[in-house]
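J.: Predicted structure and sequence below. I'll ask about it afterward.
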Number of protein chains: 2
Amino acid sequence: MGGSPAAAPLGILAGGGPFPGRVAAAAQAAGRAVFVVALQGFAEPAVIGAFPHATARMGAAGQILALLRANACRDVVLVGPVKRPSILDLRPDAEGARLLARIGRAAFAGDDGLLAAVVRVLGEEGFRVVGAHEVLREAVGPAGLLGTVKPDAQAMDDLARGQAVLRALGSADVGQACVVQQGIVLAVEAIEGTDAMMARAGALARPGPGGVLIKLVKPGQDRRADLPAIGPNTIRGAAAAGLRGVAFEAGGTLLHDRPACVEAADGAGLFLLGVEPGAREETKA
Amino acid sequence: MGGSPAAAPLGILAGGGPFPGRVAAAAQAAGRAVFVVALQGFAEPAVIGAFPHATARMGAAGQILALLRANACRDVVLVGPVKRPSILDLRPDAEGARLLARIGRAAFAGDDGLLAAVVRVLGEEGFRVVGAHEVLREAVGPAGLLGTVKPDAQAMDDLARGQAVLRALGSADVGQACVVQQGIVLAVEAIEGTDAMMARAGALARPGPGGVLIKLVKPGQDRRADLPAIGPNTIRGAAAAGLRGVAFEAGGTLLHDRPACVEAADGAGLFLLGVEPGAREETKA
């Protein structure tokens, strides 16, 4: 404690899902102390309960910064989904109101705008924002096929169409996922979440070969915040929606419990494919 | 009959909703005979029953062309929504298979691709495709406020954000509508339809001032096919979803029963606003 910045406890600003706990466990396993700020209404007590932590409202920016400083954190990881707040939801504390004025309303015109502003403000307040994928290297999905099922030509066409749609949408800072079946875009994700979007796509499916889920990092997205994540539940949801496979951005997607993902995909006859970001850039040009 | 092309009966290729009947009635009121080809599963018998008509499957292209020729139609209007078919749904007849081969699979990679191909093929077969808005001039939504309620600054910001999102999506040939609340894109429409998309947005709404529905013509969309349409049900759906107003593309949107739309909007306290396409082009450049 109190030594070099690298030895200082890792601050973890925790949203929902299992990844805040995995980041904390990985840091501890590497011999580093952690302190978790659990975002009220999002962080799951069962996930972060075993680690030193305190709970704060998302709008209580003053309290959050004070907690991180009181626990000597210099590096901070933002991890786990939070419901996108409206300005009115936030009910900022005094420090929060000051930061909000600095961030400006413009940041509320897109997911990345807000996250980028949070990353910037943390930097200005003396913290270094570290990507969850830098701490959890083994959880980052690799390129290529992970299971035994291969996409056929129709599925590859659908993947290409989905990537084009997400690239277009990403330039408007919306959406990281869509479902395409036989060239038809069945559903596009806004803020409802991937599971709800897939369930909808299942109800809209056409006869014949099922669709595919495509989940990508938005173009220009800061990878230190809000990386897309996939877990066994995603695979089971895709199977329930009649999909034939799931593609994610290699190097930019957190895979929760990779063996269980592969087992679920193989068991349901779905492919699970890491798409190279390089290949995206190429098709883009 | 059999005179100049202008005097030949107007062919109407009818999908769902009230507009096929309105096009037929407007043509008859102008002294022109009509013949309706009712697309099975989409055209509503109550709407087209009063006009000379026959029913055909969408895939039965040979039968459709034969019906139009047998009834001496030279001009054809495509009007009323149809569920986007997959290639497998179509079950083309012999002529349909021949046309499908000419259209190619590429046309199935987007709504407009398919519609543009249908318009092209009808042209190659000797028909002239006329836009529903050319027959129903009085049904085309004008620019500006239609009711008494005005959008406030937040609503205007949300409209601008929605227009940017739809422009981006339209370049991927997907979606004509979205809902934005306080800068947050609550929902984006793919093939589920505007009503289902609005209902979802209602369930995802944040506290505070409600969102707005934006419905536009896709950039580059052929206006002779599948113009967006709005009716009193759209307004009631928007009110039920907690929205504060509805914006549509002036000159590119069919308004079904405009007085009832205005009455529904005024009654529910919603604005109803025609957005100038010119203004869109300006923000685009």
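T.: Yep, it's here.
J.: Can you mark which positions in stretch A:189-205 are buried?
T.: Neighbour-count burial for stretch A:189-205, with 16 or more other C-beta atoms under 10 Å in any protein chain shown as criterion, is recorded at A:189-192, A:194-198, A:200-202, A:204-205. The C-beta positions use only the backbone N, C-alpha and C, and glycine is treated the same way.
J.: same deal with stretch A:135-152?
T.: Residues of stretch A:135-152 classed as buried by neighbour count (16+ other C-beta under 10 Å): A:135-136, A:139-141, A:145-147, A:149, A:151.
J.: Distance from it to the middle of the chain?
T.: Mean-position distance between stretch A:135-152 and its chain equals 16 Å (C-alpha atoms, centre = their mean, to the nearest Å).
J.: Let me see the contact set for the residue nearest to A:Lys83 when sequence neighbours are not counted.
T.: Spatial nearest neighbour of A:Lys83, excluding adjacent residues (C-beta to C-beta, 6 or more residues apart in numbering or on different chains): A:Phe42 at 7.0 Å. For A:Phe42, the contact set (C-beta atoms under 8 Å, 6 or more residues apart in numbering or on different chains) comprises A:14-16, A:58, A:80-83.
J.: One more pass at 10 Å, please.
T.: Neighbouring residues of A:Phe42 by C-beta atoms under 10 Å, 6 or more residues apart in numbering or on different chains: A:14-17, A:20, A:58, A:80-83.
J.: how near is A:Arg91 to A:Leu243?
T.: Counting by C-beta to C-beta, to the nearest Å, the gap between A:Arg91 and A:Leu243 amounts to 39 Å.
J.: quick one: which of the two has more around it?
T.: Shown here are A:Arg91 and A:Leu243; by other C-beta atoms under 10 Å in any protein chain shown, A:Leu243 has more neighbours (27 against 13).
J.: and the more buried one, what does it touch?
T.: Counting by C-beta under 10 Å, 6+ apart, the residues that A:Leu243 touches are A:155, A:158, A:179-181, A:186, A:198, A:201-202, A:205, A:210-213, A:235, A:237, A:268, A:270-271.
J.: Filtering those residues by proximity to chain B, which remain?
T.: Subset of the contacts of A:Leu243 in contact with chain B: A:158, A:179-181, A:186, A:201, A:205, counting by C-beta under 10 Å from any C-beta of the partner chain.
J.: out of the residues you listed, which are buried?
T.: By neighbour count, with 16+ other C-beta under 10 Å, the ones next to chain B among the contacts of A:Leu243 hold A:158, A:179-181, A:186, A:201, A:205 as buried.
J.: Among the residues you listed, which are located in strands?
T.: Among these, the members falling in strands are A:179-181, A:186 (criterion: DSSP state E).
J.: from those residues, which single one is nearest chain B?
T.: Each of these was checked against chain B using C-beta to the nearest C-beta; the closest is A:Leu186, at 5.9 Å.
J.: Now the closest one. Nearest residue, chain neighbours left out?
T.: Closest to A:Leu186 by C-beta to C-beta, 6+ apart is A:Ala201, at 4.1 Å.
J.: Do you know the pLDDT at the residue lying closest to A:Ala240 once chain neighbours are set aside?
T.: Excluding its sequence neighbours, the residue lying closest to A:Ala240 (C-beta to C-beta, 6+ apart) is A:Gly202, at 6.5 Å. We have a pLDDT of 95 for A:Gly202.
J.: before we move on, back to that, how near is the residue nearest to A:Lys83 to B:Ala160?
T.: Going from A:Phe42 to B:Ala160 by C-beta to C-beta gives 29 Å.
J.: returning to that earlier point: could you dump the buried ones among the ones next to chain B among the contacts of A:Leu243 to a markdown table with distance to B:Phe35?
T.: Formatted as a markdown table, those follow (distance: C-beta to C-beta, whole Å):
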| residue | distance to B:Phe35 |
| --- | --- |
| A:Asp158 | 38 |
| A:Val179 | 39 |
| A:Val180 | 37 |
| A:Gln181 | 35 |
| A:Leu186 | 34 |
| A:Ala201 | 38 |
| A:Ala205 | 35 |
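J.: Inside helices: which ones of the contacts of A:Leu243?
T.: Cross-referencing these against helices under DSSP state H gives A:155, A:158, A:198, A:201-202, A:235, A:237, A:268.
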